[in-house]
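Undergrad: Sequence and predicted structure are below.
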Amino acid sequence: MIQLDLNNAASFLSQDWLTSRQDRLEKARVMLEEGNGPGGDFTGWVHLPRDYDKVEFARIQKAADKICTDSQALVVVGIGGSYLGARAVVELLRSPNYNLKKKDTPDIYFVGNGLSTDALIETIELVKDRDFSVNVISKSGTTTEPAVAFRIFKSLLEEKYGKEEARRRIYATTDAHKGALKGLADKEGYEEFVVPDAIGGRFSVLTAVGLLPIAVAGIDLNALMGGAAEAMEALAVPGLDNPAWQYAAARHALYESGKSTELLVGYEPSFRFFAEWWKQLYGESEGKEGKGLFPASVEFTADLHSMGQYIQQGQRIMFESVVSFQNSLGSYTIPNDPENVDGLNFLSGKPLSFVAEQAMRGTILAHMDGGVPNIIIKADRRDERTVGQLIYFFEYACGLSGYLLEVNPFDQPGVEAYKKNMYALLGKPGFEEQKAALEARLNG
Ligand SMILES: O=P(O)(O)OC[C@H]1O[C@](O)(CO)[C@@H](O)[C@@H]1O
């Protein structure tokens, strides 16, 4: 299971940082367990690793098998929680270079997560002459970025295969009852998967939202869900030795002591999108009512040579949460050089992982000495089971954290502000007055 090492944060925490939060953590636990706290209607993820829809789960695997048989590429259309979880898991468990690798599963392209014309054209070029399928994912079914991208890739499929075959190559993951995508999927007869009512986008990676693309990448869904279920059972046990309680309490205590930024640190390039997923999870859950830690991320050791200076000596506003995989999947030994021109022979014969470990140990102490507390989150290895545990650990700790902060961790009202302005500026019917007002402001 996930373990927490707080030795390098302890000197920044008061004696009672955990005990003083025990009652609030217990209340938060009950609210998550019973779904009766703020946003309680969106706590369906809490028991998901046990209560997931087994029939749909089998259908996801079957759809993934079909895509693997008839497609060289899968285009995944989605944004935010309808995209980041799948990409995080595919990159962490397969590779950030997944599409470049020799493999017997399709390439996966993520689109509809922005509005870049050039990125869109590039993806069209990459897939148009190959057999491909589309998984369109949107809980609301109305988010502009994926809706526009879907329109484009749907017509590309229809031009290439004709309407009938295109239908068989489109998989829609959306709300069970409502929304524009649901209506379209029903009308066209796409295979449909459900984003459960009680699960918001950023908590949905272990539903069809994440699972279909993850399965297409050849990742073992049973092991992933099994890991999450282990974490669910372990973290449901109340107590001060619960790692999710400790993480939620430590970051809350550091926040109250004046830290405003949490840096999620990874040492694996494959961890980058997991950190992006984590940023949405914590940013949308906590950043409201003028409160919340700003979630940021760095990749070490690469970023020690870009952000390291600031972390060591810039504003003392941050702490680090380091995700450390205890075991590499492979090993590589540093070769001997008889001429030793680079003076590195003191490392000859040592595994590269030994160098990485010393870099991490040295960095933690240096940053701590520079006034940056370090929380170490220890995970076993980059496999399905451990990643399932990590996902659940961060989700559960996020729920606890939001309740410690006394916000509703399951809404995101602030995201609407830019959407309304965009709709108005685009001339969406019904926004005429706002458009005039915004244009007047923009034109000075
Ligand atoms: O799945 P949808 O409804 O397209 O939403 C995508 C993302 O957009 C947001 O609603 C914010 O705009 C996120 O919370 C969500 O993950």
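TA: Nice, I can see it. As the structure is a computational prediction, the values presented were derived from the model and not from experiment.
Undergrad: Around the ligand, pick out the residues from the stretch 301-444 of the chain.
TA: Contacts of the stretch 301-444 of the chain with the ligand, taken as CB under 6 Å from any ligand atom, map to 412, 415. The C-beta positions use only the backbone N, C-alpha and C, and glycine is treated the same way.
Undergrad: Can you give me the distance of the residue nearest to residue 276 when sequence neighbours are not counted to residue 189?
TA: Using CB to CB, 6 or more residues apart in numbering and skipping the chain neighbours, the partner closest in space to residue 276 is residue 84 (5.4 Å). Distance, residue 84 to residue 189, by CB to CB, to the nearest Å: 29 Å.
Undergrad: give me the element residue 232 is part of.
TA: Per DSSP states H and E: residue 232 is located in helix 221-235.
Undergrad: cool, and residue 75?
TA: Secondary-structure element containing residue 75, defined by DSSP H and E: strand 73-77.
Undergrad: re earlier: out of residue 84 and residue 189, which sits in the busier spot?
TA: Using other CB atoms under 10 Å, the more surrounded residue of residue 84 and residue 189 is residue 84, with 28 against 11.
Undergrad: What average pLDDT does the helix holding residue 232 get?
TA: Mean per-residue pLDDT for helix 221-235: 98.
Undergrad: who in the stretch 101-250 of the chain is up against the ligand?
TA: Looking at the ligand, the residues of the stretch 101-250 of the chain close enough under CB under 6 Å from any ligand atom are 138-140, 143, 146, 201-202.
Undergrad: most neighbours, which of those?
TA: residue 138 (29 neighbours).
Undergrad: For the ligand, what's its nearest residue on the stretch 101-250 of the chain.
TA: Nearest to the ligand in the stretch 101-250 of the chain, going by CB to the nearest ligand atom, is residue 201, at a distance of 2.7 Å.
Undergrad: what residues are up against that residue?
TA: Neighbour list for residue 201: 80-82, 139, 195, 209 [criterion: CB atoms under 8 Å, 6 or more residues apart in numbering].
Undergrad: repeat that for 6 Å
TA: Shown in contact with residue 201 (CB atoms under 6 Å, 6 or more residues apart in numbering): 80-82, 139.
Undergrad: Nearest spatial neighbour of it, chain-adjacent residues omitted?
TA: Residue 201 sits nearest to residue 81 (CB to CB, 6+ apart), 2.5 Å away.
Undergrad: The one you found should be in a helix, yeah?
TA: Yes: assessed with DSSP: H, G, I helix; E, B strand; the rest coil, residue 81 lies in a helix.
Undergrad: same question for stretch 395-415, mean pLDDT?
TA: The average pLDDT within stretch 395-415 is 97.
Undergrad: which residues touch stretch 413-423?
TA: Residues outside stretch 413-423 that contact it (CB under 6 Å, 6+ apart) are 431, 438.
Undergrad: helix, strand or coil for the one residue in the stretch 301-444 of the chain that gets nearest to the ligand?
TA: Residue of the stretch 301-444 of the chain nearest the ligand, by CB to the nearest ligand atom: residue 415 (3.8 Å). Classification of residue 415 using three-state DSSP returns helix.
Undergrad: Number of residues surrounding it?
TA: Using other CB under 10 Å, residue 415 has 11 neighbouring residues.
Undergrad: Please apply the same query to residue 73.
TA: 20.
Undergrad: next one: the one 4 residues further on
TA: By other CB under 10 Å, the residues close to residue 77 number 30.
Undergrad: Who's the closest spatial neighbour of residue 142, skipping the chain neighbours?
TA: Spatial nearest neighbour of residue 142, chain neighbours left out: residue 180 (5.4 Å); criterion: CB to CB, 6+ apart.
Undergrad: quick revisit: separation between the residue of the stretch 101-250 of the chain closest to the ligand and residue 230?
TA: From residue 201 across to residue 230, the span is 24 Å (CB to CB).
Undergrad: Repeat that for residue 135.
TA: 28 Å.
Undergrad: More neighbours: those two, which one.
TA: residue 135 (27 against 18).
Undergrad: Secondary structure class of the more buried one, three-state.
TA: strand.
Undergrad: And residue 341, by the same measure?
TA: Put simply, residue 341 is coil when judged by three-state DSSP.
Undergrad: And for it, the neighbour number?
TA: 8.
Undergrad: what's the distance between it and residue 347?
TA: From residue 341 to residue 347 the distance is 14 Å (CB to CB).
Undergrad: what residues are up against residue 358?
TA: By CB under 6 Å, 6+ apart, residue 358 has no neighbours at all.
Undergrad: Doesn't it lie inside a strand?
TA: No: under three-state DSSP, residue 358 sits outside any strand and is assigned helix.
Undergrad: so what's it scoring on pLDDT?
TA: According to the prediction, residue 358 has pLDDT 97.
Undergrad: how close does residue 254 get to residue 323?
TA: For residue 254, the distance to residue 323 - CB to CB - is 17 Å.
Undergrad: Tell me how many other residues crowd residue 126.
TA: 15.
Undergrad: Spatially nearest residue to it (excluding sequence neighbours)?
TA: Among residues not flanking residue 126 along the chain, residue 109 sits closest, at 6.6 Å (CB to CB, 6+ apart).
Undergrad: is it true that that neighbour lies in a strand?
TA: Yes: judged by three-state DSSP, residue 109 forms part of a strand.
Undergrad: Identify the bridge partners of it.
TA: Beta-bridge pairing for residue 109 (DSSP bridges): residue 75.
Undergrad: For it, give me the pLDDT.
TA: 98.
Undergrad: ok, it - how many residues close by?
TA: 20.
Undergrad: Would you mind confirming that it is in contact with residue 122?
TA: No: in this structure residue 109 lies outside contact range of residue 122 using CB atoms under 6 Å: 9.3 Å.
Undergrad: mind listing the helices in the stretch 151-300 of the chain by residue range?
TA: 163-168, 180-188, 208-216, 221-235, 243-256, 272-286 (DSSP state H, counting those that start in this stretch).
Undergrad: winner for burial among the ones you listed?
TA: Most buried of those by mean neighbour count (mean count of other CB atoms under 10 Å) is helix 208-216; its value is a mean of 28.
Undergrad: If I take that one and strand 107-111, what angle do their directions form?
TA: Relative orientation of helix 208-216 versus strand 107-111 (axes from the mean of the first three to the mean of the last three CA atoms, to 10 degrees): 150 degrees.
Undergrad: helices or strands up against helix 208-216?
TA: Using 3 or more CB pairs under 6 Å, 6 or more residues apart in numbering; DSSP states H and E, the elements in contact with helix 208-216 are helix 54-70, helix 84-93.
Undergrad: show me the contacts for the residue in the stretch 251-400 of the chain that the ligand sits nearest to.
TA: As assessed by CB to the nearest ligand atom, the ligand sits closest to residue 284 within the stretch 251-400 of the chain, at 5.7 Å. Applying CB under 6 Å, 6+ apart to residue 284 gives the contacts 202, 412.
Undergrad: Perfect, that will be all.
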